[in-house]
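Colleague: Here is my input, please return the structure:
(chains A and B)
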2 protein chains.
Amino acid sequence: MVPHLVTALNGPLLDLEKRMLDKTTEIERWFRLAWAESTPPFYSSVDVRNAGFKLAPVDTNLFPGGFNNLAPEMMPLAIQAAMSAVEKICPDAKSMVLIPERHTRNTFYLTNVARLASILKQTGLNVRLGSVSDEITEPTRFELPDGQSLLLEPLVRRGNRVGVEGLDPCAVLLNNDLSAGVPPILQNLDGQVLLPPLHAGWATRRKSAHFAAYNRVVDSFAQMLEIDPWLINPYFAHRNQLNFHERVGEEDLAAAVDEVLGKTREKYAQYGISEQPYVVVKADAGTYGMGIMTVKDASEVVGLNRKQRNKMSVVKEGLQVSDVIIQEGVHTFESIDDAVAEPVVYMIDRYVVGGFYRVHTGRGRDENLNAPGMHFVPLAFESPCNTPDCSDRPDAAVNRFYAYGVIARLAALAASHELETVPNVELAA
Amino acid sequence: MVPHLVTALNGPLLDLEKRMLDKTTEIERWFRLAWAESTPPFYSSVDVRNAGFKLAPVDTNLFPGGFNNLAPEMMPLAIQAAMSAVEKICPDAKSMVLIPERHTRNTFYLTNVARLASILKQTGLNVRLGSVSDEITEPTRFELPDGQSLLLEPLVRRGNRVGVEGLDPCAVLLNNDLSAGVPPILQNLDGQVLLPPLHAGWATRRKSAHFAAYNRVVDSFAQMLEIDPWLINPYFAHRNQLNFHERVGEEDLAAAVDEVLGKTREKYAQYGISEQPYVVVKADAGTYGMGIMTVKDASEVVGLNRKQRNKMSVVKEGLQVSDVIIQEGVHTFESIDDAVAEPVVYMIDRYVVGGFYRVHTGRGRDENLNAPGMHFVPLAFESPCNTPDCSDRPDAAVNRFYAYGVIARLAALAASHELETVPNVELAA
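Modeller: Sure, this is the predicted structure:
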């Protein structure tokens, strides 16, 4: 079932969805031409927000976890998409080493790794798991709640290549976002296909670069669809070299917040939206919902107390935050049984292969649903994202999922443009 | 549900299916490498026979009808596969004209055309239907049983291109098998992508060339899988320049029947199969189950009576039969509720996108299930063909469908080799 919009503000969104439905053929051709010029990320997931009056991505993950949250019925699509990706990237590959995140105690995450490995196996790859965790010093088997088990082996380096004991793979797939920097074992590799490239990791990647690319993608798409790009694009600004602990850059940050809030207010006025605008301040290189703050007025970022400063200054793996993105907040107006629901769309190559809702009770519409320690309930999309039905209502499940898939593909396209440029940032750990 | 084998002879097939399951990774890599060297047909369907001791294709259709028989749940796979095909063949295509069969009274067939058109539309193509039927002299709307309607327009020629009124398409998709020859309107086209190429039509295509290509494909595959190729390959011979009416070539045909029966008998002896071998004599360029004869002894093809000769000498659209293929009969040992069931597997590009069973009551295991005037009941495969489950039994639904998909892909690969050579046959109508 699709969570129902609980807002009366669904006029503009229905218009947008209806326009997408009317133009599916043009949209698909637009994507076909766009992908002919860009290499899609091997895989990605996109957090989409549905505000009733606006539908936009708020985060694009190039090391998606959560494949285990997709409906089992989506596996054939995922396998077919992975076949297409592997064929294109490493057509003669016989084997692949998948590098998971370090946190091996999270059986939920390991179930995602198992799902990914089984998808890849079905593309004709002998898949083994090479861990960069200090805890994995020998092949270690983990039992999963669903009865499967997973063998993690230490990643080993041989010359300029990595592998596991007895296997020198053709390709290496990162499911580790490199938040802690690029481990030495992965530096200066040569002759192996590394997916995605190292600069897709948070050691170098910047959200602001992603959303700058998204701006360009959306401008072209919105022109084709003849819509206001704002309907699918959150405003943003970014600021560098802040120091939350030492209160360096607070005023500058406040100015950026004011700028984004001001532009958003204008749009709200234009569309007669009575909600209160807000922005989300997040680490530009952050992940996992850490280093995030919801702000409704610029004054809130000035004179933060110690707790707030601590919260903002560190993301995953202890990384210090000095660069932030100030993003227009997109309200979450989708809910199910009074619980707020945020859709996440999964892609392999250029294909949408499914998605799920993060369903969370007891949180506000304008709060982040991916906060640390948060336990959401995944609710798999019940139908695929590539079968819109013009004869049905624009907000019917297949049509809403189609719209989500379109937005997610725009974000994936932005990511592909983003990755075409290697950022000028030191890759060392 | 999967029809259950009603034979005790399932030992060898279970072995074969088990071996396929054990080697899915190797099989998928084998296909990946094979497709890297060959262009798959745009689409195809393969009639597979499951004899309990043997699993083999008996016919490969390059103009598949019956997409409407696939489960609706398979549409996302079909759309994704078609996206991949279109992207590869005509990446910037904006529009496509689909040329259906002439028989416009068959709403069952027209429902297939509607399904195909909707799949193609979802790849970003503006699809219109250009008919070569004499009856379609102006745009004509046909109502379909499911409430949809279909607009057939006359195919028009402009210079060396074809289209419909007001549309000069980038690509033309044939869903017409050209049994009656290549109509002049399709001859000497230039500058348009024609899918599949004209020589895929029965005006030039020969089953014997297809199965000769299949022999080569299977030899390589069987070597990889370490199986006897016969387990997935029917013997065949072929004979040209027969004249059934004038009884020219009867003895020669009898010798070919004897040869195929003899080789089959040896294999039956080797595997301890107690069934009676038989061969199927069919038009080498035939289709639609016409011009087909089941034979258990060479003497049966000598001294045919008038009725039998008439039956053999004409296929669809009145085409005379002079060339025949003599194919080892593969028993149909699958049934459901006592009705014989023959699987048909559908592919778009190199991807299996679903399948269905032709279920027929009141016919024998060794009879053709696609005979003229036959009314079969389609039973859609309930699960996809690309998600084998090693933890389940080899004859579990997903695993049996996987095996069918493997056999069908081998046949599609043979077709792609077959189409690489343009046969030296006059293309004129």
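Colleague: Which positions in chain A make contact with chain B?
Modeller: By CB under 8 Å from any CB of the partner chain, the residues of chain A that approach chain B are A:24-33, A:35-36, A:73, A:75-77, A:79-81, A:83-84, A:86-87, A:91-94, A:121-126, A:351, A:384, A:386-388. All C-beta spots, glycine's among them, are computed from the backbone N, C-alpha and C.
Colleague: what's the spacing between the most far-flung residue of chain A relative to its centre and chain B?
Modeller: Here chain A reaches farthest from its C-alpha mean at A:G166, the gap being 33.8 Å by CA atoms, centre = their mean. Per CB to the nearest CB, to the nearest Å, A:G166 is found 16 Å from chain B.
Colleague: Let me see the backbone angles for that residue.
Modeller: phi 80, psi 0 (degrees, to the nearest 10).
Colleague: any low-confidence regions in the stretch 151-300 of chain A?
Modeller: A:287-291 (pLDDT under 70).
Colleague: Tell me the spatial nearest neighbour of whichever residue of it sits closest to chain B, not counting adjacent residues.
Modeller: Nearest residue of the stretch 151-300 of chain A to chain B (CB to the nearest CB) works out as A:C170 at 10.6 Å. Spatial nearest neighbour of A:C170, excluding adjacent residues (CB to CB, 6 or more residues apart in numbering or on different chains): A:A93 at 3.9 Å.
Colleague: Quick check, the residue in the stretch 201-350 of chain A closest to chain B?
Modeller: Counting by CB to the nearest CB, the stretch 201-350 of chain A gets nearest chain B through A:R350, at 8.1 Å.
Colleague: Give me the distance between the nearest residue in space to that residue that is not next to it in sequence and A:A415.
Modeller: Nearest residue to A:R350 in three dimensions, chain neighbours excluded: A:P40, at 4.3 Å (CB to CB, 6+ apart). Distance of A:P40 to A:A415, given as CB to CB, to the nearest Å: 8 Å.
Colleague: Neighbour count: these two, which is higher?
Modeller: A:A415 (27 against 23; other CB atoms under 10 Å in any protein chain shown).
Colleague: Now do the contacts for the residue of the stretch 151-300 of chain A closest to chain B.
Modeller: A:90, A:92-96, A:192-193 (CB atoms under 8 Å, 6 or more residues apart in numbering or on different chains).
Colleague: phi, psi of it?
Modeller: Taking degrees, to the nearest 10 as the convention, A:C170 sits at phi -70, psi -30.
Colleague: And for the one 5 residues further on?
Modeller: Its backbone dihedrals place A:N175 at phi -120, psi 30, with angles given as degrees, to the nearest 10.
Colleague: How many residues are close by it?
Modeller: Neighbours around A:N175, by other CB under 10 Å: 20.
Colleague: My guess is it contacts A:E101. True?
Modeller: Yes: because the distance of 6.7 Å satisfies CB atoms under 8 Å, A:N175 is recorded as touching A:E101.
Colleague: what is in contact with these two at once?
Modeller: A:63, A:65.
Colleague: Show me what counts as buried in the one helix or strand A:G262 maps to.
Modeller: Under the criterion of DSSP states H and E, A:G262 resides in helix A:250-271. The neighbour-count check on helix A:250-271 (16 or more other CB atoms under 10 Å in any protein chain shown) flags A:250, A:253-254, A:256-261, A:263-264, A:267-268 as buried.
Colleague: who's in contact with that helix?
Modeller: A:12, A:53, A:230, A:235-239, A:242, A:273-275, A:277-279, A:281, A:295-304, A:324, A:326-328.
Colleague: Can I get that helix in PDB? Just the C-alpha atoms.
Modeller: This file holds the C-alpha atoms of helix A:250-271, laid out as PDB (Å, rounded to 0.1, in the frame of the first residue of the first chain):
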ATOM      1  CA  GLU A 250      28.900  31.300  12.700                       C
ATOM      2  CA  GLU A 251      27.900  34.600  11.200                       C
ATOM      3  CA  ASP A 252      28.700  33.400   7.700                       C
ATOM      4  CA  LEU A 253      26.600  30.300   8.300                       C
ATOM      5  CA  ALA A 254      23.700  32.400   9.600                       C
ATOM      6  CA  ALA A 255      23.900  34.500   6.400                       C
ATOM      7  CA  ALA A 256      23.700  31.400   4.300                       C
ATOM      8  CA  VAL A 257      20.700  30.100   6.300                       C
ATOM      9  CA  ASP A 258      19.000  33.500   5.800                       C
ATOM     10  CA  GLU A 259      19.700  33.400   2.100                       C
ATOM     11  CA  VAL A 260      18.200  29.900   1.600                       C
ATOM     12  CA  LEU A 261      15.200  30.700   3.900                       C
ATOM     13  CA  GLY A 262      14.500  33.900   2.000                       C
ATOM     14  CA  LYS A 263      14.500  32.300  -1.400                       C
ATOM     15  CA  THR A 264      12.300  29.500   0.000                       C
ATOM     16  CA  ARG A 265       9.900  32.000   1.500                       C
ATOM     17  CA  GLU A 266       9.500  33.700  -1.900                       C
ATOM     18  CA  LYS A 267       8.500  30.400  -3.500                       C
ATOM     19  CA  TYR A 268       6.100  29.600  -0.700                       C
ATOM     20  CA  ALA A 269       4.500  32.900  -1.200                       C
ATOM     21  CA  GLN A 270       4.300  32.400  -5.000                       C
ATOM     22  CA  TYR A 271       2.600  29.000  -4.600                       C
END
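Colleague: next one: that helix to chain centre, how far?
Modeller: Centroid separation between helix A:250-271 and its chain, computed with CA atoms, centre = their mean, to the nearest Å, is 24 Å.
Colleague: Stretch A:37-49 too?
Modeller: 8 Å.
Colleague: quick revisit: how close does the residue nearest to A:C170 get to B:G405?
Modeller: Distance from A:A93 to B:G405, by CB to CB: 21 Å.
Colleague: how about the strands in the stretch 301-429 of chain A?
Modeller: A:324-328, A:334-336, A:339-348, A:351-360, A:377-380 (DSSP state E, counting those that start in this stretch).
Colleague: can I get these in a markdown table with mean pLDDT and mean neighbour count?
Modeller: Listed next are the strands of the stretch 301-429 of chain A as a markdown table, based on pLDDT from 0 to 100; neighbours: other CB atoms under 10 Å in any protein chain shown:
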| stretch | mean pLDDT | mean neighbour count |
| --- | --- | --- |
| strand A:324-328 | 95 | 25 |
| strand A:334-336 | 76 | 21 |
| strand A:339-348 | 92 | 26 |
| strand A:351-360 | 92 | 25 |
| strand A:377-380 | 83 | 16 |
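Colleague: That concludes my questions; thank you for your assistance.
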